[in-house]
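J.: Based on what follows, work out the 3D shape:
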Amino acid sequence: MRQYFRELPRQSQVFTVVLACSYLVMAVWGFSHCRLAAWAGLIVIFASTGLVRPVPNPTGGQIFPTNSVKIVAALLWQPQEVLIGVGLGSFLGLLLFRRTEAWRATNNGAGWGLSSAVASFAAQLAISKMQPGLAGLMVAALIAVATNRVINEGIFSIDKNLRFGHPFFATWLQNVLDQWFSQILAASMAIVLAAIAGRIDNIWASLVLTTISAIALPIPRQELAYYHRARQMQDEIVEAVVRALEGVDPTARAHGDRVSALAVEIGRQLGMSTRALVALRLASRLHDVGLLAGRQDSSVEERHGAIGARILGRFPDPLIAEFVGAHHTRWDGVGEPDKKQGRTIPLGARILAAAEVYHSALEGRPPFPSSLSKQEAANSLVALGGTVLDPQVVAALLHVVSEQQTDLGAAG
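T.: Okay, here's the model as predicted:
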């Protein structure tokens, strides 16, 4: 969905301006310290990467599969050349080929340019300190990948914090640790091309090699597409189960969606990984799936959560069944046949339990005979903390709810 610059929160507007100005100041300095053919060629190459369609991210937004080209540039070119080529080139590619809003293209171009330049500086420093050869290039490539990842995700985690209120450190850590396999593949291509460029030692040959890495972009894009298509298929299966669940409980969808939204925000607050957040989102939507087995009384072993876990046991991600199966387990372990308690209960299950109790209180769902106010629901959670619920999760939930109310008040 398109969003105009004037619609951004004030702090996000300031961030965009500061980021753009920081980039421009460094780019002006860089122009006088790099070769014309280098920065001009890199601008064309990185503008052309805009022709490669981004991959839709099931958790929101889009993923641009250009890291492999950035790492190649970090090994083959000087930092100032990378700064200008990646930054201005990506900005132009997003504007011309992806029709991206100017402010978003500015953020991406400046963020990618700055992080790639720092990665290039770190890689070139490593190369200069080591003996010429493949071993040095391998170390430099890994340093470039790590540096680019840390700086790039830091910039965009600040943006998410200012725009959506996502906690900075948890968001940054999730993104830094996610999908390292594809990052290593990017480093492998960079090592090979840098080794060839080192033997030829010609600016035009280096441009050709960088272009080759850009031409090969459909390969990492397809890998990303397969990865996220698998996640999308899982979403579609969940949607089918939710429809079936609505036949048993017409309010199940709305309740599950509310619990899911709150649980994911709590998970972010507590620093859960991207994979765990996806599993938590889906488990929260399906936490009442045990109702499909009927509402008849059952033994302790056949309790609601355990039935749901068995139904979800064939899902590709076992975390979903694990979270659903343990979300009725008490924090103090009272009445649990497997003696599970405290931190031995999966974090996702503890979060799901608190989010479900909170929204059940607001909606007047069992065990609450009638709906409570937000303050009453919060008081109920505090009373359950340390016995039924994890007190740390309760504190995080109350913090998330408080921030949401503050944001709504500011918007009003």
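J.: what about the closest residue to residue 313 other than its chain neighbours, helix or strand, and which?
T.: Taking CB to CB, 6 or more residues apart in numbering as the measure, residue 313 lies nearest to residue 321, with 5.0 Å between them; neighbours along the chain are not counted. For every residue, glycine as well, the C-beta is placed using N, CA and C. The secondary structure element spanning residue 321 is helix 318-326 (assigned by DSSP states H and E).
J.: Residue 106 too?
T.: For residue 106, the enclosing helix or strand under DSSP H and E is helix 102-129.
J.: how distant is that helix from the center of its chain?
T.: For helix 102-129, the distance between its averaged C-alpha position and the chain's averaged C-alpha position is 20 Å (CA atoms, centre = their mean, to the nearest Å).
J.: That helix packs against which elements?
T.: Other elements packing on helix 102-129 under the criterion 3 or more CB pairs under 8 Å, 6 or more residues apart in numbering; DSSP states H and E are helix 10-31, helix 67-76, helix 79-97, helix 134-164.
J.: Please work out the angle formed by the directions of that helix and helix 67-76.
T.: Interaxial angle, helix 102-129 versus helix 67-76 (axes from the mean of the first three to the mean of the last three CA atoms, to 10 degrees): 40 degrees.
J.: quick check: mean pLDDT across helix 102-129?
T.: Per-residue pLDDT over helix 102-129 has a mean of 95.
J.: Run through the stretch 251-400 of the chain and note the low-pLDDT ranges.
T.: Low-confidence segments of the stretch 251-400 of the chain, defined by pLDDT under 70, span residues 294-304, 335-339.
J.: and the next element down the chain from the helix holding residue 321?
T.: Immediately after helix 318-326, counting by DSSP H and E, sits helix 347-363.
J.: and that next one with helix 318-326, angle?
T.: Orientation note: helix 347-363 sits at an angle of 50 degrees relative to helix 318-326 (the same axes, to 10 degrees).
J.: roughly how far out does helix 347-363 sit from the chain middle?
T.: 23 Å.
J.: who does it touch, helix- and strand-wise?
T.: helix 252-269, helix 274-285, helix 318-326, helix 374-384, helix 391-411.
J.: residues making contact with the last one?
T.: What it means is helix 391-411. Judged by CB atoms under 8 Å, 6 or more residues apart in numbering, the contacts made with helix 391-411 from elsewhere in the structure are 165, 262, 265-266, 269-270, 331, 347, 350-351, 353-355, 358, 374, 378, 381-382, 384-385.
J.: now with 6 Å?
T.: The list of residues contacting helix 391-411 from outside it, by CB atoms under 6 Å, 6 or more residues apart in numbering, reads 165, 265, 266, 269, 270, 350, 351, 354, 378, 381, 385.
J.: pLDDT at the first one, what is it?
T.: Same thing as residue 165. Residue-level confidence at residue 165 comes out at 77, pLDDT.
J.: thinking again about what came up before, TSV for the contacts of helix 391-411, including distance to residue 291?
T.: Rendered in TSV, the data for the contacts of helix 391-411 read as follows (distance: CB to CB, whole Å):
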residue	distance to residue 291
165	33
265	25
266	24
269	29
270	28
350	22
351	21
354	20
378	27
381	24
385	27
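J.: follow-up on the earlier one: mind putting the helices and strands packed on helix 347-363 in CSV, distance to residue 44 included?
T.: Supplementary listing: those in CSV, determined by distance: least, CB to CB, whole Å:
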stretch, distance to residue 44
helix 252-269, 39
helix 274-285, 34
helix 318-326, 44
helix 374-384, 55
helix 391-411, 43
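J.: would you turn the ones you listed into TSV with mean neighbour count and distance to residue 132?
T.: Putting the helices and strands packed on helix 347-363 into TSV (neighbours: other CB atoms under 10 Å; distance: least, CB to CB, whole Å) gives the following:
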stretch	mean neighbour count	distance to residue 132
helix 252-269	21	45
helix 274-285	24	38
helix 318-326	23	46
helix 374-384	15	62
helix 391-411	15	51
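J.: what about the helix holding residue 321, distance to the chain center?
T.: In terms of CA atoms, centre = their mean, the gap separating the centre of helix 318-326 from the centre of its chain is 21 Å.
J.: Alright, calling it a day.
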